[in-house]
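Asker: Make a model of this:
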Amino acid sequence: MSCKNVKICSCPKKNCINHGKCCECVIKHKDTDSLPFCLFENNEGDKSVKSYYGKLKMRFEEK
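Answerer: Now for the predicted structure:
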């Protein structure tokens, strides 16, 4: 499988070895049960899947 690197990466961790390498980044986050910054930018420092679902729950309960 080949993955083209992105030209613009929204992740603030510029020194990460996976910065701009979407496929590698997603694999790393899958292994650590967390979400990449680009998929969950408003994470307040917690990129866990549990936190993500909590925020989604709050978002939909407000409606």
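
Asker: Can you report how many residues neighbour I27?
Answerer: Residues near I27, counting by other CB atoms under 10 Å, number 13. C-betas here are computed from N, CA, C, even on glycine.

Asker: isn't there a strand covering it?
Answerer: No: I27 is assigned helix when assessed by DSSP: H, G, I helix; E, B strand; the rest coil, not a strand.

Asker: distance of it from K13?
Answerer: I27 is 16 Å from K13, where distance means CB to CB, to the nearest Å.

Asker: Give the buried residues for the helix or strand where G54 lies.
Answerer: Taking DSSP states H and E as the criterion, G54 maps to helix 49-61. The neighbour-count check on helix 49-61 (16 or more other CB atoms under 10 Å) flags 51-52 as buried.

Asker: ok, now stretch 35-53?
Answerer: Buried residues in stretch 35-53, counted by 16+ other CB under 10 Å: 35-37, 40, 47, 51-52.

Asker: which one of these sits closest to I17?
Answerer: Using CB to CB, P36 comes nearest to I17 of the buried residues of stretch 35-53, at 13.7 Å.

Asker: contacting residues around that closest one?
Answerer: Neighbour list for P36: 11, 22, 25-26, 29, 47 [criterion: CB atoms under 8 Å, 6 or more residues apart in numbering].

Asker: any idea how far K30 is from the residue nearest in space to the middle of the chain?
Answerer: Residue closest to the mean C-alpha point of the chain, counted by CA atoms, centre = their mean, is P36 at 1.4 Å. P36 sits 9 Å away from K30, taking CB to CB as the criterion.

Asker: now swap in C9 and tell me
Answerer: 18 Å.

Asker: So which of these two has more stuff around it?
Answerer: Remark: of C9 and K30, C9 carries more neighbours, 19 against 11, as counted by other CB under 10 Å.

Asker: picking that back up, can you list the buried residues of stretch 35-53 in a markdown table and add secondary structure, pLDDT and distance to N18?
Answerer: Shown next, in a markdown table, are the buried residues of stretch 35-53 (DSSP: H, G, I helix; E, B strand; the rest coil; pLDDT from 0 to 100; distance: CB to CB, whole Å):
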| residue | secondary structure | pLDDT | distance to N18 |
| --- | --- | --- | --- |
| L35 | coil | 79 | 14 |
| P36 | coil | 82 | 9 |
| F37 | helix | 80 | 11 |
| F40 | coil | 70 | 16 |
| K47 | coil | 71 | 14 |
| S51 | helix | 80 | 21 |
| Y52 | helix | 78 | 19 |
